[in-house]
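> With the sequence up front, the predicted model follows.
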Number of protein chains: 2
Amino acid sequence: MTMEPQVDPMLDRTTYREVMAEILHRITDGPWGPGTLLPGEIELAEEFGCSRTTMNRALREVTEQGFLDRRRKAGTRVRMAPLRQARFEMPLVRAEIEKAGASYRYALLARDSLPAPDWLRARMRLPAGARVLHLVCVHFADGIAFQLEDRWINARALPQVLKQDFTATGPNEWLVATVPFSEVELSFMACAADAMAVDQLGHAPGDPVFTVERATWWQSEAITLVRLSHRKGYRMTTRY
Amino acid sequence: MTMEPQVDPMLDRTTYREVMAEILHRITDGPWGPGTLLPGEIELAEEFGCSRTTMNRALREVTEQGFLDRRRKAGTRVRMAPLRQARFEMPLVRAEIEKAGASYRYALLARDSLPAPDWLRARMRLPAGARVLHLVCVHFADGIAFQLEDRWINARALPQVLKQDFTATGPNEWLVATVPFSEVELSFMACAADAMAVDQLGHAPGDPVFTVERATWWQSEAITLVRLSHRKGYRMTTRY
DNA sequence: ATGACTATTATGTCTACACATAAGGAGCGC
DNA sequence: GCGCTCCTTATGTGTAGACATAATAGTCAT
């Protein structure tokens, strides 16, 4: 029984990834400078030797990356300035420190179970009388205090948290592995160093401290509120 | 000539947006808790009354939003914790102020054309002897200083900038409309108030000032470096 | 048992086609 | 000129069908 030699029919096909790459190239280093009106999908599909569906997907994804502006009837245009948005990954401190090539150490400073104070109940939309666990910990990079973590965890939503002993690993890593979140509020700000920041991070009183506050909920139930104070001179940087 | 009554065939169709909404609902408020293994695409498509293509797109987009984890053969699983990434839109100050319902006013404080100082050349990878335009401006919300802008623009890359008179509109709006960028470095930090911040933003000397620094390049050529200092108590917040 | 091959399966992607929808633009009445 | 309708056009989205690919699970020989 003889077989016809079969060439893989999909092997030569232009994929939407290839199309994307070429489009991005034409935008950033090629003839499609800012403001250029691109040919229509059908025309481009013919030029690239793919279906309109594939071209549509490629253009859609390049648009999502912020380089194009598409409007029905008006066509596809190269943005004057790529969409002004920054994506931050919020890494675990541990990962951040180890990525920088420093050794990581963690210490628990305080641990306290108590009814949620009023300001916290208001901030996190907690019901009256909810119990919370309050933790204070420090993260060290090469033995030097890097980040001070002041965390509140809703023990009503997570009763197991009260049995956790956070002396070995931080609450962040435990939470990430244990509970999800559906809603996050994230703030960046500059605060004046308080007593805790002075003691633990080596700031002078009143020094500017870069602080991140992060509140998370799951299915409308408060999970945790954390304030992360950083060592002197810390910058949060992203490139894109 | 009689016509058959034609029902719009697409009107009843399940759209990928509807599917996405239902999937997200099932994840965040429904039976698909973290770790759940979802049924296969074909099965889901049947249940939702749509094609596998549509179901695939819905699942793909929910995955992009960080709620699902998909692997060939292994299937689709709800993530334990939604992907930890934050997206910041970087609005024009004007838009930010007006969105908050305040009136916007702009003022140019200083304007100076000079050869790039060494620190700036190093910071922006500028060639020796490059001329830059240095601008200082303030953005007011309801008459109160909101943001202080300290900007350097590479006049070698943008010779037209020297002819621009930035008394009426800020350099940001001009740049956005004039020149694109392909590379951005964005930093957030807490600085101590300097003389300029004291004079213009009403800080006390040494007060913590939330500062954003943003450097942009286009095709490896430096465009602009800007430091934005914010009024007392400013928080940059995002929800997702 | 163990390592190598094979079958199976769920997702990934491409095609061709059709209809939907937003919005620019022409033409018209005033 | 101004505002209105209507046509056209480019993108947006849905369908059925096919093949691609990665990864698991099972089979077989050693």
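Received the coordinates, thanks.
> In three-state terms, label residue A:200 for me.
In three-state terms, and counting by DSSP: H, G, I helix; E, B strand; the rest coil, residue A:200 is helix.
> So which residues on chain A come close to DNA strand D?
A:8-11, A:38, A:40-42, A:52-53, A:56, A:59-60, A:63, A:70-76 (CB under 7 Å from any atom of the strand). (Each C-beta comes from the backbone N, C-alpha and C, glycine too.)
> Would you show me how to pick out the buried ones of those residues in ChimeraX?
Only the buried entries of the residues of chain A next to DNA strand D go into this ChimeraX selection, using 16 or more other CB atoms under 10 Å in any protein chain shown:
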select /A:38,41,56,59,76
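> could you pick out which of the residues of chain A next to DNA strand D are near DNA strand C?
A:10, A:52-53, A:71-74.
> related to what we said a few turns ago, show me the residues of chain A next to DNA strand D that map onto helices.
A:41-42, A:52-53, A:56, A:59-60, A:63 (DSSP state H).
> would a markdown table of the residues you listed with pLDDT be doable?
Shown next, in a markdown table, are those (pLDDT from 0 to 100):
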| residue | pLDDT |
| --- | --- |
| A:41 | 94 |
| A:42 | 95 |
| A:52 | 95 |
| A:53 | 96 |
| A:56 | 96 |
| A:59 | 96 |
| A:60 | 96 |
| A:63 | 93 |
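> Tabulate the residues you listed (TSV), appending distance to residue B:18.
Shown next, in TSV, are those (distance: CB to CB, whole Å):
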residue	distance to residue B:18
A:41	25
A:42	28
A:52	24
A:53	21
A:56	20
A:59	24
A:60	19
A:63	22
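> So which of those is the closest to chain B?
residue A:53 (9.4 Å; CB to the nearest CB).
> And the closest one, how far from residue B:53?
Noted for residue A:53: a distance of 9 Å to residue B:53, by CB to CB, to the nearest Å.
> Residue A:95 versus residue A:238, what's the distance?
With CB to CB as the criterion, residue A:238 and residue A:95 are 15 Å apart.
> For the two, indicate the residue with more neighbours.
Using other CB atoms under 10 Å in any protein chain shown, the more surrounded residue of residue A:238 and residue A:95 is residue A:238, with 15 against 12.
> so the more buried one touches residue B:186, yeah?
Yes. Taking contacts as CB atoms under 8 Å, residue A:238 lies within contact range of residue B:186: 5.2 Å.
> the domain parsing of chain A - what is it?
Domains of chain A are assigned by automatic domain parsing as A:16-78, A:93-230.
> For the first one, what is the distance to the chain centroid?
Using CA atoms, centre = their mean, to the nearest Å, the distance from the centre of domain A:16-78 to the centre of the chain it belongs to is 28 Å.
> same check, this time on stretch A:117-136
With CA atoms, centre = their mean, you get 25 Å for stretch A:117-136.
> same deal with stretch A:168-182?
With CA atoms, centre = their mean, you get 15 Å for stretch A:168-182.
> just for chain A, where's the confidence low?
A:1-13, A:82-91, A:177, A:180, A:182 (pLDDT under 70).
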